[in-house]
Each structure stands twice: as structure tokens, then as C-alpha cells.
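> coords below, sequence missing:
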């Protein structure tokens, strides 16, 4: 008779090596977190910088005026906060909820890009300042100059948009905050209960309530009086 072939033991390196899908899931997760966090930070910082400068004509001369991104439009900073909230919420929901939150993250980035691009050429905030300091509602800004900060905001919005697209593409394989789920989404094995100790006082009282003899003899109801 031929000997029964023994199953080959899997090498420790191969047994412990993560699956390719698992590695790809972790990489996409890390990339989305990095892109979303950096993008939101860039948008919030750049929105507070000076976007445009000019001079307002007044009787006897002119006054320098400048506006920040928040003066031009508050949409990028607000959408950056929405994007950060959506980035965190991606891990608190699953299935359809995760898809919706991922879409909100992507839309936040797209909205930042659009609002900053439009604000880069908007002079209404500077004109309002010129009208205020000159006392003439029809006054405008002269010697207008712009800074690169609006386009920095556009870049931050692109990063948030990419994070949302990654979440839409790979978010189904990412872990969630649920305590009963492992990284691969499978439920954890429930903890086995410790065996009962019949010598413990509470267990002895429970046995007497059931009509049993905790010492191992006949049931309490069957013992002779």
C-alpha cells in the first residue's frame, strides 16, 4: 500500500502574508485619508490669505485695499469642513450610507474647485471696500493685483475630490467602526462563557431554586423528610 500523502505545511511567511486585496484596501484607505486631510488643511489656510489687492481713490489721494479669500467667498472654507466631516463619517457607516457619504466628500471637493476658480477673478469685494472708504457707491478699485492663493485653494479642492473618488471606488472594502467586525468585514467570534463553578454560593442558591441538590445528591424535592 502506498503511504497516505501528508499535507504540506504552509510556510510561516506565506501563511502570514496579507492578501493582495487587503494590501490594496489599506493603500487606498491611507491615500484617501492623506488626500482628504491635507486638502482640507490647505483650503482652510489658503482661504484666510490675501487674494487680491488694489487702491481706492479718495479725495486728495488713494488708499490701499485688500481682500482675503473669506471676504471674496466663504464657500471653500465651509465645504472643507463638510469634507472633513464626510471623511470621518465614511468609517461610521456601511453599504449605501458609505456610498452616499463618499459622494458628499467628492462633491465637497468639486464645489471648492468651482468656488475658488470663480473667486479668483471676482472684484466685487474690493469694489465694495472702495465704495465704503470713498463714500461713492460707484467707486471701483484701481491698480488691481491678484495673488496665487485662490489657485492654492483649487489644488486643495482637487485633493478632496480625489479622496472622495477613492472612497467611492474602494470604500466598500474599508473597515468600519463596528466593534464586531474584523478588518476584512467578517464578524468576530463571540467570547466563550466561562464554565460555571458549582461551588460558588450563587450557583448553589440557583440549584436549590431549581429543586436540585448542590452537593450532588438527590433532588431537594425527592429527599426523605
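Received, thanks. Quick caveat, the model's predicted, so the values are computed rather than measured.

> In contact with the nearest residue to residue 103 once chain neighbours are set aside, which residues are there?
With CB to CB, 6 or more residues apart in numbering as the criterion, residue 103 has its nearest non-adjacent residue at 6.5 Å, and that residue is residue 168. Any C-beta I mention is one placed from the backbone N, CA and C, and that applies to glycine too. Residues counted as contacts of residue 168 (CB atoms under 8 Å, 6 or more residues apart in numbering) are 99, 102-103, 106.

> Filter these down to just the ones in helices.
The members of the contacts of residue 168 that map onto helices under DSSP state H are 99, 102-103, 106.

> quick check, nearest of those residues to residue 40?
For the ones in helices among the contacts of residue 168, the residue nearest residue 40 by CB to CB is residue 106; the value is 13.4 Å.

> Against residue 82, how distant is that closest one?
Relative to residue 82, residue 106 is positioned 11 Å away (CB to CB, to the nearest Å).

> And the strands in this protein?
Along the chain, the stretches classed as strands by DSSP state E are 50-58, 61-68, 141-146.

> Buried ones in the lengthiest helix in the chain, by neighbour count?
For the chain, the helix reaching the highest residue count under DSSP H is reported as helix 20-46. By 16 or more other CB atoms under 10 Å, the buried positions in helix 20-46 come out as 25-26, 28-29, 32-33, 35-37, 39-40, 42-46.

> Check stretch 75-90 too.
Within stretch 75-90, judged by 16+ other CB under 10 Å, the buried ones are 75-80, 82-84, 86-87, 89-90.

> what residues does that stretch touch?
Contacting residues not belonging to stretch 75-90 are listed as 32-33, 36-37, 39-40, 43-44, 47, 69-70, 98, 101-102, 104-105, 108-109, 111-112, 115-116, 119, 153, 156-157, 160, 163-164, 167, 171, 174 [CB under 8 Å, 6+ apart].

> Recalculate using a threshold of 7 Å.
If you take CB atoms under 7 Å, 6 or more residues apart in numbering as the criterion, stretch 75-90 is touched by 36, 40, 43-44, 47, 69-70, 98, 101-102, 104-105, 108-109, 111-112, 115-116, 153, 157, 160, 163, 167, 171.

> got it, and stretch 97-109?
By CB under 7 Å, 6+ apart, the list of residues contacting stretch 97-109 reads 36, 39, 79, 82-83, 86-87, 89-90, 93, 157-158, 160-161, 163-165, 167-168, 171-172.

> Just give the number of residues close to residue 140.
Residue 140 has 15 neighbours, counted by other CB atoms under 10 Å.
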